[in-house]
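Peer 1: Would you be able to build a 3D model of this:
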Amino acid sequence: MKRVAILISGGGSNMIALAESMVGDHPARPVLVASNDPKAGGLVRAAAMGIPTAAVDHRPFGGDRAAFEAELLRPLLAAEPDIVCLAGFMRVLTPAFVAQFEGRMLNIHPSLLPKYQGLHTHARAIEAGDAEAGCTVHEVTAALDDGPILGQSRVPVMPDDTPATLAERVLRQEHQLYPACLRRFAAGDRRRVDM
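Peer 2: Sure thing, here's the model as predicted:
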């Protein structure tokens, strides 16, 4: 059984989708939900689901990412995860941190990578006049929103879409795609999932 740690920054809707999927014959179980924000709503929701939680507030560290990550590593390594899932974790990780989990850290990004790395993905897709948008699950590498793609889900961009309405539709797809990719990845299967 693979041990999964999930890193969040907010409400944790993708974390919940992942945790709820890890039941029955699923090859993995959640062992920790950690956040860079002690007030993240997802921590309360994880605790209610019986998952251990940890919080390391990034703010006292100023811009010292290495010092913040050293503190974050304490509860993370103590949980002995086989897989680390970034689920709305809004901190850029250093190459040294990523290297510790090379080949076993996943992320979900709200665009069809390699398009629209970084922030404001939905607004950028609408401004570009794209016919479709979506989300991507990928292995995390030292490069931002890069790494081998494990799955993508596509949604049409409607003529009257705003960034908020598009984000809502993409998020529903994220909640399907991420659990499907994690299940396959935890079973040792890196074939792409397309929805």
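Peer 1: which residues of this protein fall in strands?
Peer 2: 2-8, 28-35, 53-55, 83-86, 105-109, 132-139, 149-156, 193-194 (DSSP state E).
Peer 1: now for those, which one comes closest to residue 166?
Peer 2: strand 132-139 (5.9 Å; Cβ to Cβ). Placement of C-beta: from N, CA and C, glycine included.
Peer 1: Which pLDDT value goes with residue 120?
Peer 2: For residue 120, the pLDDT comes out at 95.
Peer 1: do you know which of the strands of the chain lies nearest residue 19?
Peer 2: Going by Cβ to Cβ, the one of the strands of the chain nearest residue 19 is strand 28-35, 4.8 Å.
Peer 1: neighbouring strands for that closest one, and are they parallel or not?
Peer 2: Strand 28-35 has its sheet partners listed here by DSSP bridges as strand 2-8 (parallel), strand 53-55 (parallel).
Peer 1: how about residue 56, what does it touch?
Peer 2: 34, 35, 36, 68, 71, 72, 74, 75 (Cβ atoms under 8 Å, 6 or more residues apart in numbering).
Peer 1: Now render those residues as JSON lines, adding distance to residue 157.
Peer 2: Listed next are these as JSON lines, based on distance: Cβ to Cβ, whole Å:
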{"residue": "34", "distance to residue 157": "34"}
{"residue": "35", "distance to residue 157": "31"}
{"residue": "36", "distance to residue 157": "31"}
{"residue": "68", "distance to residue 157": "36"}
{"residue": "71", "distance to residue 157": "40"}
{"residue": "72", "distance to residue 157": "36"}
{"residue": "74", "distance to residue 157": "43"}
{"residue": "75", "distance to residue 157": "40"}
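Peer 1: Most neighbours among these, which one?
Peer 2: residue 35 (29 neighbours; other Cβ atoms under 10 Å).
Peer 1: who touches that one in this structure?
Peer 2: Each residue near residue 35 by Cβ under 8 Å, 6+ apart is listed here: 7, 8, 9, 42, 43, 53, 54, 55, 56, 89.
Peer 1: quick check: angle from the longest helix seen in the chain to strand 28-35?
Peer 2: The longest helix of the chain (DSSP state H) is helix 163-186. Relative orientation of helix 163-186 and strand 28-35, computed by axes from the mean of the first three to the mean of the last three Cα atoms, to 10 degrees: 130 degrees.
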